[in-house]
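A.B. asks: Structure, please.
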Amino acid sequence: MAQQRMALWAAEADLDEDVDLSLAIGNYGQNGHFEDAHIQQPQIDETAFVAMQQHMAQQAAFSQIPDVVKGFIVHFHQAVLDNNLAEITVAYESGWNKYTEKFYARTEWPEAEVIAPLVNDDPIFLILYRELYYRHVYSRLQPNVDDRFHSYENSCELFNYLLNSEGPVELQLPEQWLWDIIDEFIYQFQVFCTWRSKVKSKTDDELTMLAEGGPVSIVWSSYSVLNVLYSLIQKSRVNEYIVAQQEGKSQEEIAEIVGEYGQRPLYRMLGYFSIIGLLRVHVLLGDFTLALKVMDNVELNQKSPFTRVTACHVTTYYYVGFCYIMLRRYPDAIRTFVTVLNFIMRMRQYHTRSYQYDQISKTADRMYALFAVCNALSPSRLDDNIANISKERYGEQYAKMARGGEESLAAFEELFLYACPKFITANPPPYDDPAALANLISPPSPDSPTESAPAVTPTDPTHRHLGLFLADAEAQSPVPTLRSFLKLYTSLGAKKLANFLDADEEEMVQEMMVMKQVSRSVSRIAGSEKGGLLDGQTITTSDLNFVIDENMVHIAESTVGRRYAGWFIKNTERTQRIFDDLKSMPLPTPPKTITPVSAPLGQAQTTADAPKKGPRTGGQKVAWGGVKVA
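C.D. replies: Residues are numbered from 1 along each chain as shown. Predicted coordinates:
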């Protein structure tokens, strides 16, 4: 074996002698300058390097996604591809919220670029996913500047896809999601306007960015938001669809009127919800007449399409009622609030199952506050149940408002600021004018009469509308006191009434004219659902009328008869509910029988063992068929 090894190495040595090494390796290392030789590094483009880093970060983020969330996203995407409304509804209303509470209650969902491989980079689904992603950021977290801009860009991509495609898109989404898309779009616009108007909280970078203008001035502008809503209404021809349905036209005629877009449920419901969205936007901008004008074709009844989405139903009645308040049509506002609050009370057991239960409850509480305000300014007995609930929640404020006087204004202000919408300003502050911006930020001078008042910027829309409302409430503040005196007499001398009011006769006449004015209001005819929300007739809202004849005041009080039919119907329904609850209750378990111990011989028989006495033996029957022993 050793000889074989020696022969092998010897053969290799002979082979080395025959090979010219200079041909094999050239002059590598022969010149002796190996240490000084420059090794050229491969050149990597900076853009490619950044992309590589982003790709690695996305891979790391992808690996941190729980497997159940990955499976949910894949299933969600497949349901959207198949236009399976049932599966989309379950994933949207149940799955998304369940995994949000479990994994992302205090953090963001994975970005769309991270989950893109799971959905084969489907651009439409990624747009819908970003809509949910930014909605979660706005509702659970604190959005930054990038989130505000990117959410606007994503909304533009979604609406451009729906409005600027060559034809109607082949996409189906549940009505609840379609309403949430419009509602969230307006909410993010409202939040951005509020953030933009707060000058003092801005950093230097944010001030510089807002001062430069350019694309920033277009983001979340009121023009772009209104343009989207009006475009959806026009594309879907939803107003023509509503009018055609009200006229009783056939399905073929309606299809010819609305066109290919209006026949699709996606576009029809987006157009319908855009009408409600316009109502909200115009209220936020302070145009209450135009807000009700856009609702001309929408009927406020239980058969309207918006009632199929509870959040849309409640929102519609809230903003319509608030418009009536600002237009001083308090009877219409009361009727509007009573209708929707009764609906919420009847459907409370179903609302608890909705993921929007908290939002609906908060809106209902604000409407109870507005109901108390309206009832104090225009007393009525439209619904005792709603009035009692409102007085239980806001009893102290309601008592002050009903008494009138100076102390009532603080109660009016408190409830108005709590229950009113969060108004916005369409125009941004003058960020491009440093002098005007500094004047806006600077506090009022010490000589200002509002020194003791809290510093309020002149552009604050909420306090501007509050001032308009309080001016009307202050004018009506003497009315409750005057009314209490007039109810005591059928005729009264003007001088005597002025002494009661601690005022001269001229001031007394002015207060009586104010009372006469506030007792008349434009109102829709009860039971009439036709016509626009702005239509109505002038009616008398007070049961107290008076005439001034020279120096005498003649009072006529009309008593409204009690509505016995409504009272009996309400109590019959209540009795029926109690009877149904009793029938559904389980029967009580019978008491355990105890075997009596036999008495000793000769002892008198006990009452329990004695034979029951019938009527002939002097027994007396009692309730439940028992027999009472005499």
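
A.B. asks: Just say helix, strand or coil for the nearest residue to residue 406 once chain neighbours are set aside.
C.D. replies: By the measure of C-beta to C-beta, 6 or more residues apart in numbering, the closest residue to residue 406 outside its immediate chain neighbours is residue 477, 7.1 Å from it. All C-beta atoms are positioned from the backbone trio N, CA, C, and that covers glycine. For residue 477, the assignment made with DSSP: H, G, I helix; E, B strand; the rest coil gives coil.

A.B. asks: go on, residue 311?
C.D. replies: Applying three-state DSSP: residue 311 is helix.

A.B. asks: Surely residue 425 is in a helix?
C.D. replies: No: counting by three-state DSSP, residue 425 is not part of a helix but coil.

A.B. asks: what about stretch 415-432, how long is it end to end?
C.D. replies: Terminal residues of stretch 415-432 are spaced 37 Å apart (C-alpha to C-alpha, to the nearest Å).

A.B. asks: That should have said stretch 414-433, apologies.
C.D. replies: Stretch 414-433 stretches 35 Å from its first residue to its last (C-alpha to C-alpha).

A.B. asks: Surely residue 536 touches residue 329?
C.D. replies: Yes: the pair residue 536 and residue 329 passes the contact test of C-beta atoms under 8 Å, sitting 7.2 Å apart.

A.B. asks: Among those two, which residue is more densely surrounded?
C.D. replies: Between residue 536 and residue 329, counting by other C-beta atoms under 10 Å, residue 329 is the more crowded of the two (25 against 18).

A.B. asks: Model confidence score at that one, please.
C.D. replies: Note for residue 329: predicted pLDDT of 91.

A.B. asks: who touches it in this structure?
C.D. replies: 521-523, 536 (C-beta atoms under 8 Å, 6 or more residues apart in numbering).

A.B. asks: and what of residue 382?
C.D. replies: Neighbouring residues of residue 382 by C-beta under 8 Å, 6+ apart: 334-335, 338.

A.B. asks: Restricted to buried residues, select those in PyMOL.
C.D. replies: Selecting only the buried entries of these in PyMOL, with 16 or more other C-beta atoms under 10 Å as the criterion:
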select buried, resi 334+335+338
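
A.B. asks: Need the contacts of residue 382 in CSV (columns: distance to residue 585, pLDDT and secondary structure).
C.D. replies: Below are those laid out as CSV (distance: C-beta to C-beta, whole Å; pLDDT from 0 to 100; DSSP: H, G, I helix; E, B strand; the rest coil):
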residue, distance to residue 585, pLDDT, secondary structure
334, 37, 93, helix
335, 37, 91, helix
338, 32, 93, helix
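
A.B. asks: Skipping adjacent residues, who's closest to the residue nearest the centre of the chain in space?
C.D. replies: Residue closest to the average C-alpha location in the chain (C-alpha atoms, centre = their mean): residue 359, at 5.8 Å. Closest residue to residue 359 apart from its sequence neighbours, by C-beta to C-beta, 6+ apart: residue 311 at 6.5 Å.

A.B. asks: how would you label residue 555: helix, strand or coil?
C.D. replies: From three-state DSSP, the assignment for residue 555 is strand.

A.B. asks: what about it, how many neighbours?
C.D. replies: Residue 555: 16 neighbours (other C-beta under 10 Å).

A.B. asks: Can you name the next helix or strand after the strand or helix carrying residue 176?
C.D. replies: In this assignment (DSSP states H and E), residue 176 forms part of helix 175-197. Next helix or strand after helix 175-197 toward the C-terminus (DSSP H and E): helix 204-212.

A.B. asks: and that next one, how far out from the chain's middle?
C.D. replies: Here helix 204-212 is found 31 Å from its chain centre; the criterion is C-alpha atoms, centre = their mean, to the nearest Å.

A.B. asks: tell me the angle of that helix relative to helix 175-197?
C.D. replies: Calculated by axes from the mean of the first three to the mean of the last three C-alpha atoms, to 10 degrees, helix 204-212 forms an angle of 100 degrees with helix 175-197.

A.B. asks: Touching helix 204-212 from outside, list them.
C.D. replies: If you take C-beta under 8 Å, 6+ apart as the criterion, helix 204-212 is touched by 145, 196, 202, 216, 428, 431-432.

A.B. asks: May I see the ChimeraX selection of the buried members of the residues you listed?
C.D. replies: Only the buried entries of the contacts of helix 204-212 go into this ChimeraX selection, using 16+ other C-beta under 10 Å:
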select :196,202,216,428,431
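
A.B. asks: Tabulate the contacts of helix 204-212 (TSV), appending distance to residue 276 and secondary structure.
C.D. replies: As requested, the contacts of helix 204-212 are exported to TSV (distance: C-beta to C-beta, whole Å; DSSP: H, G, I helix; E, B strand; the rest coil):
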residue	distance to residue 276	secondary structure
145	29	helix
196	25	helix
202	33	coil
216	29	helix
428	26	coil
431	33	coil
432	35	coil
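
A.B. asks: Make JSON lines out of the contacts of helix 204-212 and add distance to residue 564 and pLDDT.
C.D. replies: Listed next are the contacts of helix 204-212 as JSON lines, based on distance: C-beta to C-beta, whole Å; pLDDT from 0 to 100:
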{"residue": "145", "distance to residue 564": "63", "pLDDT": "86"}
{"residue": "196", "distance to residue 564": "57", "pLDDT": "87"}
{"residue": "202", "distance to residue 564": "63", "pLDDT": "79"}
{"residue": "216", "distance to residue 564": "64", "pLDDT": "68"}
{"residue": "428", "distance to residue 564": "58", "pLDDT": "81"}
{"residue": "431", "distance to residue 564": "64", "pLDDT": "78"}
{"residue": "432", "distance to residue 564": "67", "pLDDT": "76"}
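
A.B. asks: okay, the contacts of helix 204-212 in CSV with distance to residue 319 next?
C.D. replies: CSV is the format used below for the contacts of helix 204-212 (distance: C-beta to C-beta, whole Å):
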residue, distance to residue 319
145, 29
196, 23
202, 30
216, 29
428, 24
431, 30
432, 33
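
A.B. asks: still on that earlier bit, which secondary structure element contains the residue nearest to the centre of the chain?
C.D. replies: Assigned by DSSP H and E, residue 359 belongs to helix 357-377.

A.B. asks: in that helix, what counts as buried?
C.D. replies: Within helix 357-377, the residues that qualify as buried are 359-360, 363-364, 366-377, counting by 16+ other C-beta under 10 Å.

A.B. asks: tell me which of these is nearest to residue 387?
C.D. replies: Checking the buried residues of helix 357-377 against residue 387 with C-beta to C-beta, the nearest one is residue 375 at 6.4 Å.

A.B. asks: Which stretches in the stretch 101-250 of the chain count as helices?
C.D. replies: With DSSP state H, counting those that start in this stretch as the criterion, the stretch 101-250 of the chain has helices at 112-115, 123-140, 145-163, 175-197, 204-212, 215-218, 222-236, 238-246.
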